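> This is a predicted model, with the sequence first.
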Amino acid sequence: MLVLASSPGFADTVVDQGRQLLDEGKGRAAWELLESRESERAGDTYYDFLLGLAALEVGENTRAVFALERVLALDPSNLRARAEIARAYLALGEAETARQEFETVRRQGVPADVSLTLERYIAAAKRMEKGERATLNGYVEAQFGYDSNVNAGPNRSSITFPSGFSVPLPPDVKANEDVFAQLGAGANASLPVNANLSFLAGVSGSSRGNFDKGQFNIGSADANAGAVVSLGRNVLTLMGQAGLVTLESSNYRSVFGVTGQWQHNLDARNQVSIFGQYAEMNYLTNRQRDVTRRLGGISYAHMWREGAVAFGSAYLLNESPERPHNSQHRFDGYGMRLGGRLSVDEKTIFFGGVSYERRAYAKALPADLGRQDDQYGVVLGATHAIASDWTLTPQLSLTFNRSNLELNDYHREVVSLAIRREF
């Protein structure tokens, strides 16, 4: 009798703890707690519903379907359970079943904000249904803004040598401010081979013109091609890249390289990645500056239940001159980045990030000081959907480069507004 009397209270405690853990974003702890009681609690609709949510959180999508099916068997009108089981079907790749379940929920007259979320899921399911076909998408973008330092020059009129001798800087060397306009466009294609392998390719380009400082007008063109392999919770990406930068309509720098990434999805809301890059950078107007760039690092990302996302990464990098005698262009460094985004409503997303990079250059001569740079960056902005496939993005970008050599010490502030059309 004591066991029977105490069981309901204990069971409720388990459910209450599971619900609290889910509300706190502790999906793994909720799953471990609830899953251990499945044999004795299966058939309790509220328990099964929480078990299904916890299973989704940790990527146990098949177990989520089983739990939520039990809920719907006893309560077919439970729209929340039906929406969650649709998410599980989508995660399992059963796009048609997921779309049908989402559409069933939408037909019940849900609130407008919920309906918009369902529309996104339905669109995702439809894209997945077409996954065996090649796809093509792209964008065009126009941007207008102000740049306090279009040439990334020192914010001073002269430099002073250790001896005390001061030299004035030419106008094109020191920092130049200007208003600018920029046009850009790009396209990406995907060719799925099967459920685990897809080939990707893309091209993009932009042209930025300054209103007064035309000698610093800059353009770029980039292309990439590669493959993505999905193996359970692991996603492997390998891409070849090529790019060209122009300065005042003349070829300035070309880049050829390869990037790779291994992404592991820990659960539905956490992922870790290891990435690397190898590239040859050729300065077409001064081949003495040609370098080989190597970079490798690790990153982590987390998404909260409300949809907010945070990420962080750390990396090591090296640039080595292709001509060994040009040792002043060699440096070793490291860096880190933190950022995230937050949806404030169905149309507006705030984003931001901070970055730091340390570069230590080799000495060209024994008497050299040895250049050392510490570069800090801040980006703040928002993306607002003004119409279907149209977005407006105001953005503030700050760069502070602190160097032990005055010629390389500068700061830069860029304020811009971009309008983008995706297709």
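Cool, got the structure.
> Just the helices from the stretch 51-200 of the chain, written as ranges.
Ranges of helices in the stretch 51-200 of the chain, per DSSP state H, counting those that start in this stretch, are 61-74, 79-91, 95-106, 112-129.
> For the stretch 251-400 of the chain, give me the ranges with low pLDDT.
Applying pLDDT under 70 to the stretch 251-400 of the chain flags the ranges 268, 305-306, 324-328, 364-369.
> Strictly from the record, what residue spans define the domains of this protein?
For the chain, the structural domains run 2-129, 135-422, going by automatic domain parsing.
> Next, format the ones you listed as TSV and append mean neighbour count.
Using the backbone N, CA and C atoms, a C-beta is placed for each residue, glycine as well. Putting the domains of the chain into TSV (neighbours: other CB atoms under 10 Å) gives the following:
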stretch	mean neighbour count
domain 2-129	17
domain 135-422	15
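> Would you confirm that Gly219 contacts Glu248?
No - assessed by CB atoms under 8 Å, Gly219 is found out of contact with Glu248, at 9.4 Å.
> For Gly296, which non-adjacent residue is closest in space?
Nearest non-adjacent residue to Gly296, counting by CB to CB, 6 or more residues apart in numbering: Gly276, 4.3 Å away.
> Distance of the one you found relative to Gly226?
Distance, Gly276 to Gly226, by CB to CB, to the nearest Å: 13 Å.
> what's near enough to touch the residue nearest the centre of the chain?
Central residue check for the chain by CA atoms, centre = their mean: the C-alpha nearest the mean position is that of Phe311, 8.0 Å away. Residues counted as contacts of Phe311 (CB atoms under 8 Å, 6 or more residues apart in numbering) are 299-302, 337-340.
> just Ile349 next, same as before
By CB under 8 Å, 6+ apart, the contact list for Ile349 reads 341-343, 382-384.
> do the same with Met128
With contacts defined as CB under 8 Å, 6+ apart, Met128 is in contact with 90, 93, 95, 98.
> now for those residues, which pair is the farthest apart?
Maximum pairwise distance in those, criterion CB to CB, is 8.9 Å, between Gly93 and Ala98.
> could the contacts of Met128 go into CSV alongside distance to Leu53?
Converted to CSV, those look like this (distance: CB to CB, whole Å):
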residue, distance to Leu53
Leu90, 15
Gly93, 20
Ala95, 21
Ala98, 16
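> which one of these sits closest to Arg269?
Leu90 (15.4 Å).
> measure the residue nearest to the closest one when sequence neighbours are not counted to Glu84 for me?
Spatial nearest neighbour of Leu90, chain neighbours left out: Ala98 (3.9 Å); criterion: CB to CB, 6+ apart. Distance from Ala98 to Glu84, counting by CB to CB: 11 Å.
> pLDDT below threshold where in the stretch 101-250 of the chain?
Applying pLDDT under 70 to the stretch 101-250 of the chain flags residues 110-117, 127, 129-133, 161-164.
> Now do the strands in the stretch 201-350 of the chain.
Assignment of strands within the stretch 201-350 of the chain using DSSP state E, counting those that start in this stretch yields the ranges 218-231, 234-247, 250-267, 270-283, 291-303, 309-321, 331-343, 348-361.
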